[in-house]
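S.K.: Okay, predicted coordinates and the sequence, questions at the end:
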Amino acid sequence: MTKQPTVLVTGGAGYVGSHVCKALHRSGFTPVTLDNLSTGHRQAVQWGPLEIGDVRDADFVAEAMTRHKTAAVLHFAALSLVGESAAKPYEYYDNNVGGAISLVAAMRRCGVSRIVFSSTCAIYGMPDRLPIEETEFARPINVYGRTKLAVENFLADTAATGAIRTVMLRYFNAAGADGDGNIGEAHTTETHLVPLAIQAALDPRRPLNVFGSDYPTADGTCERDYVHVEDLAEAHIQALAFLETTGGSRAYNLGTGNPVSVRQVIRAVERVLGTTVPVVEAPRRAGDPPRLFAAPGLAERDLGWVATRSDIESIVESAVRWHRSNVFSVAV
Ligand code: UDP
């Protein structure tokens, strides 16, 4: 029997990382999760071994890579709260940028050249043009986005020397949960709209703050491009295949191209749950652009990636299913 190729997944115990591990397993890979469990959940690691440790520890990473005969790396491990990032720039640069540098050092030591990087549309800041193309000027407006852009630049510069080959995937708004309901979004500090709207619907004591109702949009609330986490997961499998034959560095938007407003998300939650979402009309949140949505054509052209389950109703249905069966919502 041929052994399945092993892929190192840093941050594989986190939200997107765990969904990617499941997709990797389904596609015939063995995902080895490397995670310090600072925000990830041990219970989310179900499709391969777990190495508990820090991505900034190059010796530890290199040893794990060698022991598991790693063929490629998927890099998710990062701090990812926009608000927190302003108060903790050292921690964000150290974890996100320092972590990537240390990881690439370990890869070079072990002769591993392929890396898929979990990037974000936060690198675009307030874009000049919509939908956002990959060629849009990257001007992040928060520390989190600046650390992700710094990593993109580092990976692209390293790839230019031929030392690595990289695909950088710029997620728009990741949401939803795995169809079987055994993993989902379980952040200790939840800041995202979809889980908060579901929580508000189920617990009227915790109404949803609608951050700004006076934006220049059709219903006055911000519009975003919500992508089902299972669609995102699929893109990583396609990126790995792409890197088998392609060198250098490429960056791709992962979005649907369809803007959805805060009120439309609320209505979808109300339809799925058959109840009202109690809301408080709150002031605008600092740094929220009115509209953000992707031009997703490049990912389709190069990777063959198309979002197939990212209509807001399907996203909310899967998130509700997860919320109801969630066995590890308590922080680990
Ligand atoms: N939002 C909101 N109330 C909340 C959380 C988010 O009105 O409690 C809005 C937020 O202003 C943004 C959209 O929902 O327009 C998506 O926010 P989220 O934090 O989920 O993702 P972001 O787009 O900031 O990455």
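M.R.: Thanks, I have the structure now.
S.K.: Tell me what residue 174 is bridged to.
M.R.: With DSSP bridges as the criterion, residue 174 is bridged to residue 227.
S.K.: do residue 169 as well
M.R.: Judged by DSSP bridges, the bridge partners of residue 169 are residue 118, residue 252.
S.K.: Does it touch residue 118 like I think?
M.R.: Yes. The criterion here is C-beta atoms under 8 Å, and residue 169 meets it with residue 118 at 6.4 Å. For glycine as for every other residue, the C-beta is placed from the backbone atoms N, C-alpha and C.
S.K.: tell me the contacts of the residue of the stretch 201-332 of the chain found nearest the ligand?
M.R.: Relative to the ligand, the nearest point of the stretch 201-332 of the chain is residue 222 (3.0 Å; C-beta to the nearest ligand atom). Counting by C-beta atoms under 8 Å, 6 or more residues apart in numbering, residue 222 touches 211-212, 215, 261-262, 288-291.
S.K.: Among the residues you listed, which lie within strands?
M.R.: Per DSSP state E, strands hold the following members of these: 211, 261.
S.K.: Kindly indicate the member of the contacts of residue 222 with the most neighbours.
M.R.: Within the contacts of residue 222, residue 262 tops the neighbour count with 25 neighbours, counted by other C-beta atoms under 10 Å.
S.K.: what sits against it?
M.R.: Residue 262 makes contact with 193, 210-211, 221-222, according to C-beta under 8 Å, 6+ apart.
S.K.: nearest to residue 152, of the contacts of residue 222?
M.R.: Closest to residue 152 out of those is residue 289 (19.4 Å), distances taken as C-beta to C-beta.
S.K.: So what does the closest one look like in phi/psi?
M.R.: Main-chain dihedrals, residue 289, degrees, to the nearest 10: phi -70, psi 150.
S.K.: Can you check the pLDDT for it?
M.R.: pLDDT, residue 289: 93.
S.K.: what residues does the stretch 201-332 of the chain put near the ligand?
M.R.: 208-211, 222, 224, 262, 285, 288 (C-beta under 6 Å from any ligand atom).
S.K.: And the pLDDT for the residue of the stretch 201-332 of the chain closest to the ligand?
M.R.: pLDDT, residue 222: 98.
S.K.: from what I can see residue 223 touches residue 292, true?
M.R.: Yes. Using C-beta under 8 Å, residue 223 is in contact with residue 292, at 7.2 Å.
S.K.: Show the pLDDT at the spatially closest residue to residue 154 that is not a sequence neighbour.
M.R.: Distance criterion C-beta to C-beta, 6 or more residues apart in numbering; nearest residue to residue 154, sequence neighbours excluded, is residue 100 at 6.0 Å. Per-residue pLDDT puts residue 100 at 99.
S.K.: where's residue 100, which helix or strand?
M.R.: Following DSSP states H and E, one finds residue 100 within helix 99-110.
S.K.: Could you list the buried residues of that helix?
M.R.: Within helix 99-110, the residues that count as buried by 16 or more other C-beta atoms under 10 Å are 99-104, 106-107, 110.
S.K.: Find the residue ranges of the stretch 151-300 of the chain scoring beneath the pLDDT cut-off.
M.R.: For the stretch 151-300 of the chain, no stretch is flagged by pLDDT under 70.
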